[in-house]
Structures are given as C-alpha cells and as structure tokens.
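Student: sharing a model prediction with you, sequence too.
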Amino acid sequence: MSNYSDICIVGAGIGGLTCASRLINADASKNLSMRVFDLNATVGGRIQSRKIDGEEIAELGAARYSPQLHPHFQQLMQASGDPHAVYPFTQAVFHDRMQEKLKATLLGLSSMLKEHPEDSFLEFVSHYLGVAEATRIIKATGYDALLLPIVSASMAYDIIKKHPETQNFTENAGNQWLYATDGYSQLLGQLQRQAQAAGVEFQLERRLLSVEKSGADHILAFSHKGDTQMHRARHLIMTIPPSAMARLNLDFPANWSPYQYDSLPLFKGFLTFDKAWWQQLGLTDKVLMADNPLRKIYFKSDKYLLFYTDSESATYWRDSLAQGENVYLERVRSCLEEVLPLNGQPLPDIKAHFYKHWPHGVEFCLEPEAEHPAALLHQDGIIACSDAYTSHCGWMEGGLISAQQASRLLLERLAELTEESGSDETLTTSSTERA
C-alpha cells in the first residue's frame, strides 16, 4: 500500500465526507489520489445512529434539521432520497406557568439587546429581573450553556431561536423540523460508497499524532492499533474540530486565526421500559422541561425516553456514571419522579438504558459576531474546516458550509497549479515515485 496521497482529508464526519464528495466530482482533482483518515471505526463523527430492538432509530448525536435554518443539509437529504418525517418535539411542556414567563421575558427584553452588547445573557436578564429570577428563567430554556459568562445576550437569543424546543418564544415559531426516520447512517454510508466508487480510500481507526512540513508535502504520523504509521500528502484538509486541532503540533489557533475557540460537553441518556407508561400522562412525542439535571426529557412515541443536557448537567451525569451505573440510574429515577405527575406512584422499572457523553459536543468561536472565514488556511497550505468556524449553531449545517468553503479553496489552488503547469496531467504523481 502506498504511503502517499495527492489529497489527504483528516476527519470522516459530515465535513470530511462533503469535502471528498465535492473533490471527486471536480475536474481540477479528477486525476488525483485521495485518502480519508478518521480515528473512529466508522464514518460520521458527531452523527451516530443506533437501532433499538432492531427497529426504532435513536440518534446519539445530531438528531434533527430545519429546512428553513439548514438549507444545505435539507438539499443533501433530498438528493439522498432517504425517508424523513416531522420532528415532534417543538412543543415543550413546562411547570408553574414558566412557559408564559419565559416567553414574556424574552419578547419583552429583546428590544434592549443593543443597550448591552458586552453583557453575558445572565447579566443582561439580571439587570432587569435580578439574579435569582434571571437564573430561574434561563434554566427554563433547558440549556445550561446560556448561564455561562462566555454566552452573550445576543448569542443566547440566536441559540433560542434556532432550537425546536424554544423557537416558539421567538420570531422563528413557524420553522419546520424534520428527522431521518431510518437514521443518518444511511446518508453517511451513501456518501462514503460514492467516494470509494470514485477511487477514494478510507483509512479508519487512525489517530493523527502530528503533521510536519517536508518540501512541498506534508508528513502525517498516525497511531493505528499500537503502531505508528507515516503518510505523505501533497494537499491536506483537516476536517476536525478546534479542540482536536489544539492537541496537535500546529500551534492552533495562533497560526491559524485571530479568534479563540471553546467547547461544551453534551450528554444524552436513553431509557426503555416494558410499557410506554408516559402515554397515560399525555406526554407522547412531547418534551418536558425539568428544573433539575435532566433539563429536557423527550418521550418518543411508545419507544423510549431520552434526556438531553449540556454543560454543568452533562458533567453531572458523566460524574454519576463514574460512580457506577447503579448510582447513575438511581439519580435518573429520582430526578424523573421529581418532575413527573406520577401521583405518588414509583417510576416503572427501567428495562434497558444506554447513553452518549460528548466531551466537546458543541464547539464554537468566542467572537461569534466577527467576520469569521468559514474555513481556515495555514501558512503551510493546510486547510481546516469545522462548523465552529461558521455562524451557524447547527452541527450538520455548519459542517457543510465550512466543508464547501474548504473544498473551494483547494480547487482554486489546484486550478492555479494546472494553469501554471499548462496540463493537469503534471499534477498527478505516481504512488511508486512518492512512496
């Protein structure tokens, strides 16, 4: 096997697959060898679908999309032909009339945003309601991240209007939301097969250790099943998030961008039961907002119960699991019994459970309103793309936007090289010569 590629893509999530798809269909790169590397055993990155009882699909990562907010992903889904359905969780259930209080607060204070450009969301709301009431109101959104000092008031409003559970409190109330009924794995597999059919080779379970510049090429060191493997590439696209970039020897972000980046953890907990007892409580296909570490509880038809948390609550559940699954399950039961109208009855026995903790689930730029390029370019010619480089808070949509820009940058470079050489054939170097 050759250890040389004309084009190397590190990362096989939606960004890496999109880059490969766009490059294999372009004239400027049609004669070039291409490899895609990823540390996981399967493609997809933060898109992971799992079947329950061999039938229902549970999304451990990205789960829904809006045709209005995610036009690039909507186009990709339409082209794939994969079945989809209406995402049910756009009507949240609140306690103690918090729905009315939350809506009145958000609408009433929206005109004041320009007067507090430097304030965090908590500072902004506290200025008008006091810290205690502001904290209670913000927690009602179900997103702990909105309490963090790094989240400005304008950032918070943008997040609220771009999520199905909370968009009804904003001008985005009419947006549609959909989900892939058979999971997104089919879409990812389709993109991978198309790339492979065009000659792209996928090297999975490879963790990138370092990147060095060698003449016109890049030397990449990968760890694979205890061994270190070296690979040489002429052109390199990194489709990995900022947190992964920072762990490499690339001096990120100093040599890449004038901006700074951060991330937030996410946690999804899935529970199944012998019977869908929540149907009798009128909670089928609804999301219950909880003022405890569960935060948002989703009741999916008659299939499963899911809770989805971020930041402090996500860390709480990770730490609970570290103390043992019995501790974790007992805390889950206690929190559910605290917020559900069970009339004193105990929660039915949990049949099975599974979960997913994303240590860096949400990655973002700390200067969201800056004129940020959708893809970054290193002085050595390396191109980097991530949803974190876009103004979009949707993983899949932001990933597509950034990947399209990264592909465009490389194709422009290849076109320039072709023009300089006078023939695209001179761009192709045999594996034997470069090995």
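Tutor: Cool, got the structure. These numbers come from a predicted model, not from an experiment.
Student: buried residues in stretch 128-135?
Tutor: For stretch 128-135, the buried set under the neighbour-count rule, 16 or more other C-beta atoms under 10 Å, comprises Leu129, Ala134. The way it works is simple: take the backbone N, C-alpha and C, and place the C-beta from them, glycine included.
Student: make that stretch 59-74, sorry
Tutor: Those would be 59-67, 69-70, 72-74, for stretch 59-74 by 16+ other C-beta under 10 Å.
Student: where do the helices sit along this structure?
Tutor: For the chain, applying DSSP state H gives helices covering 14-24, 71-80, 98-109, 121-129, 131-139, 153-161, 185-197, 242-245, 311-322, 325-339, 395-421, 431-434.
Student: by contact count, what packs against the first one?
Tutor: This means helix 14-24. Secondary-structure packing of helix 14-24 (3 or more C-beta pairs under 8 Å, 6 or more residues apart in numbering; DSSP states H and E): strand 4-10, strand 34-37, helix 185-197, helix 395-421.
Student: the shortest one - contacts with which helices or strands?
Tutor: Where contact means 3+ C-beta pairs under 8 Å, 6+ apart, strand 34-37 is packed against strand 4-10, helix 14-24, strand 201-203, strand 227-238.
Student: now do it: everything it contacts.
Tutor: 5-12, 16-17, 20, 23-24, 195, 199-204, 206, 208, 220, 222, 231, 233 (C-beta atoms under 8 Å, 6 or more residues apart in numbering).
Student: buried subset of the residues you listed, written for PyMOL?
Tutor: The PyMOL selection below is limited to those of the contacts of strand 34-37 classed as buried (16+ other C-beta under 10 Å):
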select buried, resi 5+6+7+8+9+10+11+12+16+17+20+23+24+195+200+202+203+206+208+220+222+231+233
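Student: against Gln192, how distant is Ile24?
Tutor: Per C-beta to C-beta, to the nearest Å, Ile24 is found 12 Å from Gln192.
Student: quick one, longest strand in the protein?
Tutor: Ranked by residue count under DSSP state E, the longest strand found in the chain is strand 352-365.
Student: got the contact list for stretch 58-67?
Tutor: Applying C-beta under 8 Å, 6+ apart, the external contacts of stretch 58-67 come out as 44-52, 73-74, 77, 87, 89, 164, 175-179, 183-184, 268, 270, 300, 304, 306, 354, 356, 358, 394-397.
Student: how about stretch 391-403?
Tutor: Residues outside stretch 391-403 that contact it (C-beta under 8 Å, 6+ apart): 13-16, 18-19, 22, 46-47, 61-62, 65, 69-73, 76, 158-159, 162, 239, 362, 364, 368, 372, 374-375, 385-390.
Student: what about the stretch 201-350 of the chain, any weak spots by pLDDT?
Tutor: For the stretch 201-350 of the chain, no stretch is flagged by pLDDT under 70.
Student: so what's Arg50 up against?
Tutor: For Arg50, the contact set (C-beta under 8 Å, 6+ apart) comprises Ile57, Ala58, Glu59, Leu60, Gly183, Phe354.
Student: select only the buried ones of the contacts of stretch 391-403 in PyMOL?
Tutor: Listed next is the PyMOL selection for buried residues among the contacts of stretch 391-403, using 16+ other C-beta under 10 Å:
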select buried, resi 13+14+15+16+18+19+22+46+47+61+62+65+69+70+72+73+76+158+159+162+239+362+364+368+372+374+375+385+386+387+388+389+390
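Student: ok, and the closest non-adjacent residue to Leu414?
Tutor: Ala28 (4.0 Å; C-beta to C-beta, 6 or more residues apart in numbering).
Student: and the nearest residue to Trp317 once chain neighbours are set aside, what is it in contact with?
Tutor: Nearest residue to Trp317 in three dimensions, chain neighbours excluded: Phe267, at 4.6 Å (C-beta to C-beta, 6+ apart). Listed by C-beta under 8 Å, 6+ apart, the contact set of Phe267 reads Tyr308, Thr309, Asp310, Ser313, Ala314, Trp317, Arg318, Tyr355, Lys356, His357, Trp358.
Student: cutoff 10 Å now
Tutor: Contacts for Phe267 (C-beta atoms under 10 Å, 6 or more residues apart in numbering) come out as 293, 295, 307-311, 313-318, 320-321, 355-359, 361.
Student: and these, which of them are buried?
Tutor: 293, 295, 307-311, 313-318, 320-321, 355-358, 361.
Student: coming back round to it: okay, and the common contacts of Ile24 and Gln192?
Tutor: Shared contacts of Ile24 and Gln192 (C-beta under 10 Å, 6+ apart): Val200.
Student: before we move on, back to that, the residue nearest to Leu414 against Leu410, yeah?
Tutor: Yes - under the criterion of C-beta atoms under 10 Å, Ala28 makes contact with Leu410 at 8.5 Å.
Student: what domains does the record give for the protein?
Tutor: Using automatic domain parsing, the domains assigned to the chain come out as 4-66+184-260+366-434, 96-165, 263-363.
Student: can you measure across the second one, start residue to end residue?
Tutor: If I follow you right, that is domain 96-165. One end of domain 96-165 sits 17 Å from the other (C-alpha to C-alpha, to the nearest Å).
Student: now that domain: mean pLDDT?
Tutor: In this model, domain 96-165 carries a mean pLDDT of 93.
Student: again, but for stretch 355-373
Tutor: Mean per-residue pLDDT for stretch 355-373: 91.
Student: report the backbone C-alpha coordinates of that stretch in PDB.
Tutor: This file holds the C-alpha atoms of stretch 355-373, laid out as PDB (Å, rounded to 0.1, in the frame of the first residue of the first chain):
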ATOM      1  CA  TYR A 355     -26.000   6.900  26.800                       C
ATOM      2  CA  LYS A 356     -23.500   9.100  25.000                       C
ATOM      3  CA  HIS A 357     -21.300  11.700  26.500                       C
ATOM      4  CA  TRP A 358     -19.700  14.100  24.100                       C
ATOM      5  CA  PRO A 359     -16.800  15.900  26.000                       C
ATOM      6  CA  HIS A 360     -16.600  18.500  23.300                       C
ATOM      7  CA  GLY A 361     -20.100  18.200  21.800                       C
ATOM      8  CA  VAL A 362     -20.500  21.900  20.900                       C
ATOM      9  CA  GLU A 363     -17.600  23.800  19.600                       C
ATOM     10  CA  PHE A 364     -17.700  27.500  18.800                       C
ATOM     11  CA  CYS A 365     -15.800  30.700  18.300                       C
ATOM     12  CA  LEU A 366     -15.700  33.000  21.200                       C
ATOM     13  CA  GLU A 367     -16.200  36.000  18.900                       C
ATOM     14  CA  PRO A 368     -19.400  34.900  17.100                       C
ATOM     15  CA  GLU A 369     -20.200  38.200  15.500                       C
ATOM     16  CA  ALA A 370     -16.800  38.600  13.900                       C
ATOM     17  CA  GLU A 371     -16.200  38.400  10.200                       C
ATOM     18  CA  HIS A 372     -15.000  34.800  10.500                       C
ATOM     19  CA  PRO A 373     -13.900  32.800   7.500                       C
END
